[in-house]
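**Student:** mind folding the following:
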Amino acid sequence: MSVQIRWTPEASEEFQPLQEAASAAIRQDRKTQQFGLFQQVEGCIRKLASQGPRHPGLHSHPFSSLMNSLNPAVKVFESYA
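**Tutor:** The predicted model follows:
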């Protein structure tokens with residue numbers, strides 16, 4: 001299944017510092033809480049990209065108020081970790 005992931009500005013603002021903290025933890029060879037959280041979020045993103053929104057480990061719901069302007073027959077999903 002081909003899934004295109006689009007980040008909201010809020011998600012990008014949250015993910016970037018988490019990614020930087022995880023990189024710092026790797027450089028220091030320490031497993032921090034931010035590192036663990038980053039691994040969980042990254043795992044969810046990988047599942048979404050590779051298996052689509054219907055993966056049982058993801059919390060995905062179709063948008064009812066947002067239509068796909070390119071192909072109305074294809075649903076738009078929201079997923080969260």
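
**Student:** look at residue 78 and report its pLDDT.
**Tutor:** Residue 78 carries a pLDDT score of 78 in this model.

**Student:** ditto for residue 81
**Tutor:** Reading off the model, residue 81 has pLDDT 61.

**Student:** go on, residue 14?
**Tutor:** 90.

**Student:** same for the helix or strand where it lies, what does it pack against?
**Tutor:** Per DSSP states H and E: residue 14 is located in helix 9-27. If contacts are counted by 3 or more CB pairs under 8 Å, 6 or more residues apart in numbering; DSSP states H and E, helix 9-27 sits against helix 33-51. Yep, even glycine has a C-beta here, placed from its N, CA and C like the rest.

**Student:** immediately after the helix it packs on, which helix or strand?
**Tutor:** Counting by DSSP H and E, what follows helix 33-51 is strand 59-62.

**Student:** list the neighbouring strands of that next one plus their orientation.
**Tutor:** Strand 59-62 has its sheet partners listed here by DSSP bridges as strand 77-80 (antiparallel).

**Student:** flag every buried residue along the strand it pairs with.
**Tutor:** Neighbour counts using 16 or more other CB atoms under 10 Å place 77, 79 of strand 77-80 among the buried residues.

**Student:** and for residue 50, the neighbour number?
**Tutor:** Residue crowding around residue 50 was assessed by other CB atoms under 10 Å; the count is 10.

**Student:** okay, it: pLDDT?
**Tutor:** For residue 50, the pLDDT comes out at 84.

**Student:** tell me the spacing between it and residue 65.
**Tutor:** Applying CB to CB, to the nearest Å, the value for residue 50 to residue 65 is 27 Å.

**Student:** can you check what angle separates the helix holding residue 14 from helix 33-51?
**Tutor:** 120 degrees (axes from the mean of the first three to the mean of the last three CA atoms, to 10 degrees).

**Student:** nearest spatial neighbour of residue 74, skipping sequence neighbours?
**Tutor:** Closest residue to residue 74 apart from its sequence neighbours, by CB to CB, 6 or more residues apart in numbering: residue 68 at 4.9 Å.
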